[in-house]
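**Q** With the input below, show me the fold.
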Amino acid sequence: MKTYLVGGAVRDELLAYPVKERDWVVVGATPQELLDLGYTQVGKDFPVFLHPQSKEEYALARTERKKGHGYTGFETHYDPNVTLEDDLKRRDLTINAIAKDTDGTLIDPYGGAKDLESRLLRHVSDAFLEDPLRVLRVARFAARYAHLGFAVADETLALMTNIVAQGELAYLPPERIWVETERALRERDPQVFIQVLRQCGALKALLPEVDVLFGVPQKASYHPEIDTGVHVLMVIEQAALLSRRALASATAPESGNSQVVFAALTHDLGKGITPDDILPSHRGHETAGLPLVEDVCARFKVPNAHRQLALTVCEYHLHMHRARELRGETLLKLLEATGALRQPERFENYLMACEADSRGRAGLEDQDYPQADYVRRARDIAVAVTTNDLDVSGLEGKAIGDALRNERVKRLNQLRNYDPSKDTGVSG
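**A** Numbering: from 1, shown residues only. You can find the predicted model right below:
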């Protein structure tokens, strides 16, 4: 029996990248032998064991044979005669098919180390075609390592395109698509995930509401990049950057806020259904986009926190950009709708997504966004007003609530004199 470190741990170690977890493959053993050594079996479809001390995963070397559609339609074979090379051959990318012996020797039968040096994401074998989930995985790896210069090999992109053309993505469970997508949205360059999916046709198959945005014009006076799809990619990039800064972990491989990035991805879906006769204007795109956001969230069973923020940003991003123009009553409604008074984390995520929208425009990536501090000050003013500040004698129930609201509106109207010289107009 021999054990080898495999997969991501070897890959990231060779890249001098943070290693999050270590997986092992066991060659020449049976399940009973590992159980006798104190390992705990956790795998359902094939034997995976937890080490008795480290709790790291150890999987028996195995091969797989396609027997149905989707990423679960496989027949797995494992026994002591399955070699390490056999096991590595079933993996997706050559950079994930490198193993390391206990003495530090690399076993690299498919050229993964060379592809690491060449910054290439390349499939191991034509068995790649058997698992449609690999389309999303490759796009996710592209998003993770784009800043290091990695790109998808042409021949691998061709296989991904073939998988999409064969309709295999339709057999993927929605929950599994969301898991891969959410992980990609946390990567350093999530916009690359969307770009790669678009290159192979997967974006049209999975997110047609986003795919249709490419080629839709916007007013050049507000959007120098003009193309709505390009704008969305820029907003996603800014959302990832801002959320990494907020988390104070700009060098971490997975450090972005997927809620903010998902809201960035979906905030302008309404522009995809703007009537041709009013282009490049997009009047009412905020409310027009709400049913589309709902459709996407329902299709992939998106968690409620992501859904709620996406809907809020879609409906209210223009309110945020024009916050300085809002009367007290409208400003209070904005605070209530965005969670400012009761959900501070959701409120800050909303502000971040709106700032990303403002910065996600050609030549304006470094523009200040004073609206965020303006609305934070509005929030502080509204929260500071309590019944202790009011004469509520003789009032009860709803009347007290109305008095509290009226006082908040009064003070917010006074805020309109706050630092107007620092504000900048943004539309869309």
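**Q** tell me the domain boundaries of this protein?
**A** 2-111, 132-206, 218-422 (automatic domain parsing).
**Q** Just send the ones you listed back as a markdown table, with distance to Leu121, mean neighbour count and mean pLDDT too.
**A** Yep, even glycine has a C-beta here, placed from its N, CA and C like the rest. Below are the domains of the chain laid out as a markdown table (distance: least, C-beta to C-beta, whole Å; neighbours: other C-beta atoms under 10 Å; pLDDT from 0 to 100):
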| stretch | distance to Leu121 | mean neighbour count | mean pLDDT |
| --- | --- | --- | --- |
| domain 2-111 | 6 | 17 | 87 |
| domain 132-206 | 5 | 20 | 97 |
| domain 218-422 | 15 | 18 | 90 |
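**Q** Output the ones you listed as CSV; include the columns distance to Leu120.
**A** Formatted as CSV, the domains of the chain follow (distance: least, C-beta to C-beta, whole Å):
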stretch, distance to Leu120
domain 2-111, 8
domain 132-206, 5
domain 218-422, 18
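**Q** Look up how far Ala146 lies from Cys314.
**A** Distance, Cys314 to Ala146, using C-beta to C-beta, to the nearest Å: 27 Å.
**Q** I'd like to know which of the domains of the chain lies nearest to Val212.
**A** Of all the domains of the chain, it is domain 218-422 that lies closest to Val212, at 4.3 Å by C-beta to C-beta.
**Q** from the chain's centre, how far out does the closest one sit?
**A** 19 Å (C-alpha atoms, centre = their mean, to the nearest Å).
**Q** which ones are touching Leu241?
**A** Ala356 (C-beta atoms under 8 Å, 6 or more residues apart in numbering).
**Q** From the contact counts, what lies against the helix or strand encompassing Leu335?
**A** Using DSSP states H and E, Leu335 maps to helix 328-337. If contacts are counted by 3 or more C-beta pairs under 8 Å, 6 or more residues apart in numbering; DSSP states H and E, helix 328-337 sits against helix 304-321, helix 371-384, helix 398-414.
**Q** what's the angle between it and helix 371-384?
**A** Counting by axes from the mean of the first three to the mean of the last three C-alpha atoms, to 10 degrees, helix 328-337 lies at 90 degrees to helix 371-384.
**Q** any residues touching the helix or strand just after helix 328-337, and which ones?
**A** Downstream of helix 328-337, the next assigned helix or strand under DSSP H and E is helix 344-359. Helix 344-359 has contacts (C-beta under 8 Å, 6+ apart) with 234-236, 238-239, 241-243, 246, 257, 259-260, 263-264, 267, 305, 308-309, 312-313, 316-317, 320-321, 338-340, 364-367, 369, 371-372, 375-376, 379, 426, 428.
**Q** If we use 7 Å, what do you get?
**A** Under the contact criterion C-beta atoms under 7 Å, 6 or more residues apart in numbering, helix 344-359 has outside partners 235, 238-239, 242-243, 246, 257, 259-260, 263-264, 267, 309, 312-313, 317, 320-321, 338-340, 365, 367, 369, 372, 375, 426.
**Q** Likewise for stretch 269-283?
**A** 209, 212-213, 216-219, 228, 285-286, 288-289, 292-293, 314, 428.
**Q** which two of these lie the greatest distance from each other?
**A** With distances taken as C-beta to C-beta, the most widely separated pair in those is Lys219 and Val293, at 22.7 Å.
**Q** Against Arg62, how distant is Cys314?
**A** 45 Å.
**Q** now swap in Leu233 and tell me
**A** On the measure of C-beta to C-beta, Leu233 and Arg62 end up 39 Å apart.
**Q** Could you export stretch 340-347 as PDB, CA atoms only?
**A** In PDB, the C-alpha atoms belonging to stretch 340-347 read as follows (Å, rounded to 0.1, in the frame of the first residue of the first chain):
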ATOM      1  CA  ALA A 340     -30.000  50.000   6.600                       C
ATOM      2  CA  LEU A 341     -32.000  50.300   9.800                       C
ATOM      3  CA  ARG A 342     -32.100  46.600  10.700                       C
ATOM      4  CA  GLN A 343     -29.600  44.600   8.600                       C
ATOM      5  CA  PRO A 344     -26.300  46.400   8.600                       C
ATOM      6  CA  GLU A 345     -24.400  43.700   6.700                       C
ATOM      7  CA  ARG A 346     -26.900  43.600   3.900                       C
ATOM      8  CA  PHE A 347     -26.900  47.400   3.700                       C
END
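**Q** The residue lying closest to Gln371 once chain neighbours are set aside: what's it in contact with?
**A** Setting aside the residues directly before and after it, Gln371 is nearest to Ala323 in space (C-beta to C-beta, 6 or more residues apart in numbering), at 4.8 Å. By C-beta under 7 Å, 6+ apart, the contact set of Ala323 is Leu331, Gln371, Tyr374, Val375.
**Q** Could I get the residues you listed in a markdown table, plus columns for distance to Leu404?
**A** Listed next are these as a markdown table, based on distance: C-beta to C-beta, whole Å:
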| residue | distance to Leu404 |
| --- | --- |
| Leu331 | 15 |
| Gln371 | 25 |
| Tyr374 | 22 |
| Val375 | 20 |
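**Q** between the domains of the chain, which one is nearest to Arg119?
**A** Proximity of these to Arg119 was assessed by C-beta to C-beta; the nearest stretch is domain 132-206, lying at 4.3 Å.
**Q** Check the contact between His51 and Tyr39; I expect there is one.
**A** Yes - here His51 reaches Tyr39: they are 6.4 Å apart, a contact under C-beta atoms under 7 Å.
**Q** any common contacting residues for the two?
**A** The contact lists of His51 and Tyr39 share Tyr58, where a contact means C-beta under 7 Å, 6+ apart.
**Q** for the host helix or strand of Ala9, packing partners?
**A** Assigned by DSSP H and E, Ala9 belongs to helix 8-14. Judged by 3 or more C-beta pairs under 7 Å, 6 or more residues apart in numbering; DSSP states H and E, helix 8-14 is in contact with no other helix or strand.
**Q** downstream neighbour of that helix in the secondary structure list?
**A** Past helix 8-14, the next helix or strand by DSSP H and E is strand 23-27.
**Q** Can you give the contact residues for that next one?
**A** By C-beta under 7 Å, 6+ apart, the residues outside strand 23-27 that reach it are 1-7, 9, 34, 56-61, 83-84, 87, 99.
**Q** Within its sheet, name the partner strands of that strand and how each one runs.
**A** strand 2-6 (antiparallel), strand 57-60 (parallel) (DSSP bridges).
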